[in-house]
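[1] no sequence on this one, just coordinates:
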């Protein structure tokens, strides 16, 4: 199955779980969200669980649309590397959130990983073509800025995701270059 579609299915499952928990027991939902204070006290699992769980239909819908658009543009051409880019970017975004935002910050959702997946493809495409094409970075920048001005959007996670996804593309290229020269 195509990685982008698997990520979309995981995002949908996380929304369903988040919506159910918001009704059944919101305290359980908070245990799965990224709670900076809790992470600083050792609840490291939240760095990962918060990537998918969200009680917000708007967050889910925007993430689902973004993943579908990425699928239509790139058709999961990176294969399993998409998982690496997505999770590395999501974790980078969550680490940045804990490092930069106040301890009582709560956040959840897959958008840091999605921004990272998009940045992965933008950087990988430029390296593959060996040309700087500003369309991808400009579009990514416009998406970032438009999301950053919205209320209750974790722009730090988005920026961390962009940096994480770009790092995966650079690392992949470096590793591929090392294999060719041996």
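    Everything's here; your move. Because the structure is a prediction, the values reported are computed rather than measured.
[2] Which residues are in contact with the most centrally placed residue in the chain?
    Centroid-nearest residue in the chain, with Cα atoms, centre = their mean: residue 113, separated by 1.0 Å. Shown in contact with residue 113 (Cβ atoms under 8 Å, 6 or more residues apart in numbering): 7, 51, 86-87, 89-90, 93, 161. C-beta: built from backbone N, CA, C; applies to glycine.
[3] Please tabulate the residues you listed in TSV and include neighbour count and secondary structure as additional columns.
    TSV is the format used below for those (neighbours: other Cβ atoms under 10 Å; DSSP: H, G, I helix; E, B strand; the rest coil):
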residue	neighbour count	secondary structure
7	26	helix
51	28	helix
86	30	helix
87	18	helix
89	33	helix
90	30	helix
93	35	helix
161	33	helix
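[4] Low-confidence ranges, the protein, go.
    Scanning the chain for pLDDT under 70 picks out the ranges 178-182.
[5] same thing but 80
    1, 131, 133, 177-182 (pLDDT under 80).
[6] Out of the contacts of residue 113, which comes closest to residue 67?
    Taking Cβ to Cβ as the measure, residue 67 sits nearest to residue 7 out of the contacts of residue 113, at 5.9 Å.
[7] Run through the helices of the protein in chain order.
    3-24, 26-32, 36-40, 46-52, 57-74, 81-100, 111-129, 135-148, 155-181 (DSSP state H).
[8] Counting neighbours, which bits of the third one end up buried?
    This means helix 36-40. 36, 38-39 (16 or more other Cβ atoms under 10 Å).
[9] What of the last one?
    Residues 155-169, 172 are the ones in helix 155-181 that count as buried (16+ other Cβ under 10 Å).
[10] report the angle between the axes of that helix and helix 135-148?
    160 degrees (axes from the mean of the first three to the mean of the last three Cα atoms, to 10 degrees).
[11] coming back round to it: same list (the buried residues of helix 36-40) but as JSON lines, adding distance to residue 76.
    JSON lines is the format used below for the buried residues of helix 36-40 (distance: Cβ to Cβ, whole Å):
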{"residue": "36", "distance to residue 76": "33"}
{"residue": "38", "distance to residue 76": "34"}
{"residue": "39", "distance to residue 76": "31"}
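[12] closest to residue 144 among those?
    Checking the buried residues of helix 36-40 one by one against residue 144 (Cβ to Cβ), the nearest turns out to be residue 36, at 21.3 Å.
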